[in-house]
Structures are given as C-alpha cells and as structure tokens.
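K.L.:
attaching a predicted model along with its sequence, questions to come.
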Amino acid sequence: MVFTFLLIGCQSKKPSVFELPHLKKTDSLTQFIVDGKPFIMIAGELHNSSSSTPAYIQKTFNELKGMNLNTVIASIAWEQFEPEEGTFDYSLVDALIENARKQNLKLVLIWFASWKNGQSSYLPLWVKKDTRRFFRVQDSLGNEQETVSVFCEEAMKADAKAYKELFAHVKEVDYDGTVIMGQPENEVGIFLDIDHNEDVLELFKNQLVPDELMSYLIQNQNHLKESVRKVWAINNYPTEGTWSEVFGVAAYAKEFFMTWHYAHYINEVTKAGKEAHNIPMFVNAWIVQDPEDLPGVYPNGGPVSRVMDIYKAAAPDIDLVCPDIYLPNFKEIVAQYHRHDNALLIPESTLNVGRAFYAFAEHDALCYSPFGIEDGSENFLFKEAYGVLNELAPLITKYQGTGKMRGILREGDETGSQITLGNHQLTIEYNTDVDESFGLIIQTKEDEFLISGMNFKVFFSSIVPNQTAYIGQVWEGEYNNAKWNPIRLLNGDESWHNEVVRVFGKKHKTGELIEIGSNSYQEDPFTYSSNNIKEITTPGTYQVQIYIR
C-alpha cells in the first residue's frame, strides 16, 4: 500500500514540459545545462536534520534569504521516506521542492540511505531490525557491526526501489525543474580493511577481477591514477586473474575489491533513480586525510581520488565523483578530482568563500557548497561575495574551458603567484596581513581583463621580447544583468599611477549590538557607536585595459 502526503501547492499546476538538466561534455569541458543554458551552482548544503520536518524546512529556508544562493543541497532520509516497507511518505520532498521554488532556488537531493559517513544510521527500522535479510559488516573477530554489508543484495534492491520511487515522485510534482541533481548515499565505505564475513573473504580469494575493470585498466593504462597503476604493476600488469593475482594481497588490493562492490551497489541505486527521472547523479567522498593513511582509516570503498578509476569502470551511471573538502590544502585536492572525465563539483566544504572563486575560475567547477549553510546567514563577507559570484556567473560560464580564466587563492604562507594569459604575464602579490586573499581573473580581450576579488595586487608584463605592458585604465564597477556598470576610474594614488591593479575590495563599516538605557537594538549600517565600529572587506570588481609599447 502506498500513501501520499502532499503539501498544498506541489500539484497545484499541471506538469510542464521543460528541458531536463544535463551535463554537456566536450573533450576539454563539462558544463551543467539548466533551463537550457550553462549553470554554476552557487550553493549551500543544509545540516543533516534540517529537512526532517516540513516546519523546520520552512524555517531553514527562511534563514537562507539574502544569502545570494542559487541552489540548496538537502537530504532525504530513507527511514522517513519509507517508514514501512512499501509505504512512502512524500511530505518532506514536497516541502523541499515547494520552499526552494518559493525562493527561486534550485534543489539537489541527497539520499541518506544504506550509508552515510560510512555508517547505516539512516536505514528504516524495518531494515535495521532484520539483520538476517539485511546482513551487516563483520570485523576480523567476527563481531557484527551496525553497518549494512555492501554485499547484501537484498539491501541493494530495497534501496534502489526506494530511490526510484523518490525520483518518480519528483518527476510527477516538479513541474518547473526545481530539482536539478541527485546524490545517492553519502561518504560511503567501512572503517575496516575488508568486510570479514566468511562469504566475502572467500569471494576476495576466488573471484576473478570483473572484465569491465580489466578492460578499463587496459584501455586507459597511460592515463590511470598513479595510485592504481602502482598496485597493478606489482604483478607486472596482468590482464586477468583473481583480485590477489592481479593486485596482490596488500591493503590496496582489498581496497580495490571493496571499492568495486561499493561502486556497483551505488550504480544500481543510481540507475534505478535515473530510470524514473533522468537527471545527473553524483557521489561524494570522505577524502583521505593524510597521504600515509591506509584504507579503513578513511572509509574503505568510498570514491576517494585514489580509486576514482575503479568508480569510473564500475559505475557508468554515476556522472561525477566529488570531494568533500574541509582540509586546508584545497588547491591540491581539487586538482586531484578535476580531470578530463570528471568535472569538479564540491558538495561540501567550508564558508571560506575564496574557495568558491578559485574553484569556479581555475577548475571550471560546476558547484561550490559549504556544509551547514544556514550557519552562514549572518556572515556578511560570505553573503556579499556570493552576491558578486552571482553577478559574474554569466561571464564565468561564458569563459569556462577557454583557458582565459584563472583563480586566485592564498593558502598557508604563500605570498604570491604568477599566471600567463595571452601575451601577458600577471604577477600576483597577496596581502599577507589579512586572513583571506582571493579572486578571479578573466581575459575578456587581448588587452582587457576583468579582475574580481580582495586583498591582492596585480602587476602586468609582456612575454613578447622587447615589449613592455602598461596599464591604461582601471575601472571599478559591477555587473547588473550581465551589463557592466562602471562606478569610478582609479588612477593616481589608487593605482600607483597605473603601475598596479590594487584589488583591495570594498570596505564596509558595520555596527554591533549595543544597549542604550533598557533597549537593545541592531544599529543600521550607517550609524555607529565609536566603540563598536567594524570594518569588513568584501570582493570588488575591476575592468583593466592594457597597452603595449
């Protein structure tokens, strides 16, 4: 029996015909097409429990007003969607769609089901209680864990059935294309070297490496991740055999085995969802925290960069493998996930908004999304910077894949960098006296550049012998509906007489909560107490003209 719980409004209009969101791929670029045009997700992910009741969903979406998001990532838990086997509750997905639609936001749905963060806490009670039908992982001592085993076919079938039902309902009620992507499962893997169920150990010992994986390795031998190539090389690149015959018996052979089965399981779930509603689907990874960590220290079997090739071979229905990035070496990590067959999409990260500028400009990212986005509702820098990204989004999508767009991001003790665009060499000097220096640079013409960001300087020179580059004019301004609106011409002291572009950003003065008599109030942005003035810098945008002589 199937019960349908709908919020008023979700089916108030007849379904319309619209172009499904999809990935458009060329040899050098993948773009996300939404409503018929390239789209970048200037996004935020809700806390895990923020979508657990319709009332809390509405409260949370109200907190997002003014944050300059264009996309929200939110979870649907299997335990709430299918509280009894075969009985589905659509009220939460309806509430998410309705609230996103009211605020003109796109929506990405995360499916918390068989696994989340390597655990199985979001399983329905009818799955949790039946450990015979839905058997669990075992450790080396034979102790049963609370995590469902990836080798449990009954769990895979039930998960896939529910995921298909979820997206069949989305297709039915989402008349305007509010839902643009799905994420099946979340940060999967086990904190063990292998599932020690006897049948699994026997399978690892005797199962032949699947033909699909062997064919992939052979066809892509010259392009494999070094982490995969090195393990395959242990036995001199065999083209057939068991897991141990092909990859040896060390920890990474077990990881490849576990990864294959996780990828296969999630692909079956993904395929079921796409059969109902064919929109892009991605998986996310709890990434390796330390290069010396062995599988099981991080979730073993998850889509970490080390085993991306195995996911590509095992899971053709999964469009993207994506990193959740909380570590400080952001630039190194995004470079590991951005490759010719995998566009960069960052579903979880921090409120460090400079990461968004860098990812969109340097790696043609499809999405940047801090986790717990509602926590940033009072973060003035974040909101203003996201506003600038929204202004620049048409330019960013226009210059994706052209090689004329670069990202700027200071990490650690970096003092600067150099980039080449056309015949110009740009020397970037970071302001090291502040916490954040970031931005982006687009070469819009041979002698014209758009620069946006804060807390850095740009010097220009020519790479052509016997030529010198000079800054002609620097205009500060903004974009309104993709049209440039100049605000002031910067010369003299503002640009050291056109020697440098000083990307210092906009300065804002804000007040703090103060008390006068018995009344407490928040000062408006133009009235201050002398003891409570704060100066905040946010990104500025500049057009720069260069001439050569």
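P.N.:
Received the coordinates, thanks.
K.L.:
only C-alpha atoms for contact and neighbour calcs from this point on.
P.N.:
Fine.
K.L.:
right, and M181 touches W111 too?
P.N.:
No: using CA atoms under 8 Å, M181 makes no contact with W111, being 11.1 Å away.
K.L.:
ok, those two, which is more surrounded?
P.N.:
W111 (24 against 18; other CA atoms under 10 Å).
K.L.:
in a strand, that one, correct?
P.N.:
Yes: assigned with DSSP: H, G, I helix; E, B strand; the rest coil, W111 falls within a strand.
K.L.:
now it: how far from N423?
P.N.:
Plainly put, W111 is 48 Å away from N423 if you go by CA to CA, to the nearest Å.
K.L.:
what about M156, which helix or strand?
P.N.:
Using DSSP states H and E, the element containing M156 is helix 153-173.
K.L.:
which other helices and strands contact whichever helix or strand comes after that helix?
P.N.:
Scanning forward in sequence from helix 153-173 by DSSP H and E, the next helix or strand is strand 179-186. Here strand 179-186 touches strand 106-116, helix 251-276, strand 282-286, going by 3 or more CA pairs under 8 Å, 6 or more residues apart in numbering; DSSP states H and E.
K.L.:
and with 6 Å instead?
P.N.:
Where contact means 3 or more CA pairs under 6 Å, 6 or more residues apart in numbering; DSSP states H and E, strand 179-186 is packed against strand 106-116.
K.L.:
which helices and strands does the strand it packs on pack with?
P.N.:
Right, strand 106-116 is packed against strand 71-77, strand 179-186 by 3+ CA pairs under 6 Å, 6+ apart.
K.L.:
now these as TSV including mean pLDDT and distance to R355?
P.N.:
Listed next are the helices and strands packed on strand 106-116 as TSV, based on pLDDT from 0 to 100; distance: least, CA to CA, whole Å:
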stretch	mean pLDDT	distance to R355
strand 71-77	98	17
strand 179-186	98	22
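K.L.:
among these, which comes closest to S349?
P.N.:
strand 71-77 (12.3 Å; CA to CA).
K.L.:
how many degrees apart are the closest one and strand 179-186 in direction?
P.N.:
Using axes from the mean of the first three to the mean of the last three CA atoms, to 10 degrees, one finds that strand 71-77 and strand 179-186 are set 50 degrees apart in direction.
K.L.:
contacts for strand 71-77 next, please.
P.N.:
Under the criterion CA atoms under 6 Å, 6 or more residues apart in numbering, residues 41, 43-46, 105-112 lie in contact with strand 71-77.
K.L.:
and of those residues, the nearest to K404?
P.N.:
Closest to K404, out of all of the contacts of strand 71-77 and judged by CA to CA, is M41, at 20.6 Å.
K.L.:
neighbours around the closest residue to T415 other than its chain neighbours, how many?
P.N.:
Counting by CA to CA, 6 or more residues apart in numbering, Y430 is the residue found nearest to T415 once chain neighbours are left out, at 5.3 Å. Neighbour count for Y430, taken as other CA under 10 Å: 23.
K.L.:
could you report the separation of Y430 from Q418?
P.N.:
Separation of Y430 from Q418 (CA to CA): 11 Å.
K.L.:
do a quick rundown of the strands in the stretch 201-350 of the chain.
P.N.:
Secondary structure of the stretch 201-350 of the chain, counting by DSSP state E, counting those that start in this stretch: strands at 282-286, 320-324, 345-349.
K.L.:
regarding the nearest residue to G36 once chain neighbours are set aside, what is its secondary structure?
P.N.:
Nearest residue to G36, sequence neighbours excluded (CA to CA, 6+ apart): E19, at 6.3 Å. Three-state call for E19 (three-state DSSP): coil.
K.L.:
residue ranges with poor pLDDT in the chain?
P.N.:
1-16, 511-533 (pLDDT under 70).
K.L.:
distance of the residue nearest the centre of it from N284?
P.N.:
Nearest residue to the geometric centre of the chain (CA atoms, centre = their mean): I346, 1.6 Å. With distances taken as CA to CA, I346 is found 8 Å from N284.
K.L.:
overlap of the contact sets of those two?
P.N.:
Common neighbours of I346 and N284 are listed as P323 (criterion: CA under 6 Å, 6+ apart).
K.L.:
strands paired with the stretch of helix or strand G472 belongs to, and their directions?
P.N.:
Taking DSSP H and E as the criterion, G472 maps to strand 469-480. Partners of strand 469-480 in the sheet, by DSSP bridges, are strand 483-490 (antiparallel), strand 540-548 (antiparallel).
K.L.:
quick one: closest of these to Q221.
P.N.:
Comparing these under CA to CA, the one sitting nearest is strand 540-548, at 44.3 Å.
K.L.:
about what we covered before: so the residue nearest to the centre of the chain touches P370, yeah?
P.N.:
No: using CA atoms under 6 Å, I346 makes no contact with P370, being 8.5 Å away.
K.L.:
list the contacts of the closest residue to D324 other than its chain neighbours.
P.N.:
Nearest in space to D324, with sequence neighbours left out and distances taken as CA to CA, 6+ apart, is E348 at 4.6 Å. Residues in contact with E348 (CA under 6 Å, 6+ apart) are 324, 369-371.
K.L.:
next: Y386.
P.N.:
N68.
K.L.:
and the end-to-end length of stretch 448-463?
P.N.:
Stretch 448-463 end-to-end distance (CA to CA) = 16 Å.
K.L.:
off-centre distance for that stretch?
P.N.:
27 Å (CA atoms, centre = their mean, to the nearest Å).
K.L.:
now S149: how far from P295?
P.N.:
Distance, S149 to P295, by CA to CA: 17 Å.
K.L.:
no wait, F357
P.N.:
Computed as CA to CA, the F357 to P295 distance reads 32 Å.
K.L.:
ok, those two, which is more surrounded?
P.N.:
Set F357 next to P295 and count neighbours by other CA under 10 Å: F357 wins out with 28 against 23.
K.L.:
now G66. Nearest residue, chain neighbours left out?
P.N.:
K383 (7.2 Å).
K.L.:
run a quick neighbour tally on the one you found.
P.N.:
Neighbours of K383 using other CA under 10 Å come to 19.
K.L.:
was I right about it contacting K65?
P.N.:
No: contact criterion CA under 6 Å: K383 and K65 do not qualify, at 10.1 Å.
K.L.:
for the helix or strand where the residue nearest to G66 lies, C-alpha coordinates in CSV please.
P.N.:
Following DSSP H and E, one finds K383 within helix 380-399. Extracted in CSV, the C-alpha atoms of helix 380-399 (Å, rounded to 0.1, in the frame of the first residue of the first chain):
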residue,chain,number,x,y,z
PHE,A,380,28.5,39.4,5.9
LEU,A,381,31.6,38.6,3.8
PHE,A,382,30.1,35.3,2.6
LYS,A,383,26.8,36.9,1.5
GLU,A,384,28.4,39.8,-0.3
ALA,A,385,31.0,37.5,-2.0
TYR,A,386,28.3,35.1,-3.2
GLY,A,387,26.4,38.2,-4.5
VAL,A,388,29.5,39.0,-6.6
LEU,A,389,29.6,35.5,-7.9
ASN,A,390,26.0,35.7,-9.0
GLU,A,391,26.8,38.9,-10.9
LEU,A,392,29.8,37.2,-12.6
ALA,A,393,28.1,33.9,-13.3
PRO,A,394,27.2,34.7,-17.0
LEU,A,395,30.9,35.6,-17.6
ILE,A,396,32.2,32.6,-15.7
THR,A,397,30.1,30.1,-17.7
LYS,A,398,31.0,32.0,-20.9
TYR,A,399,34.7,31.6,-20.3
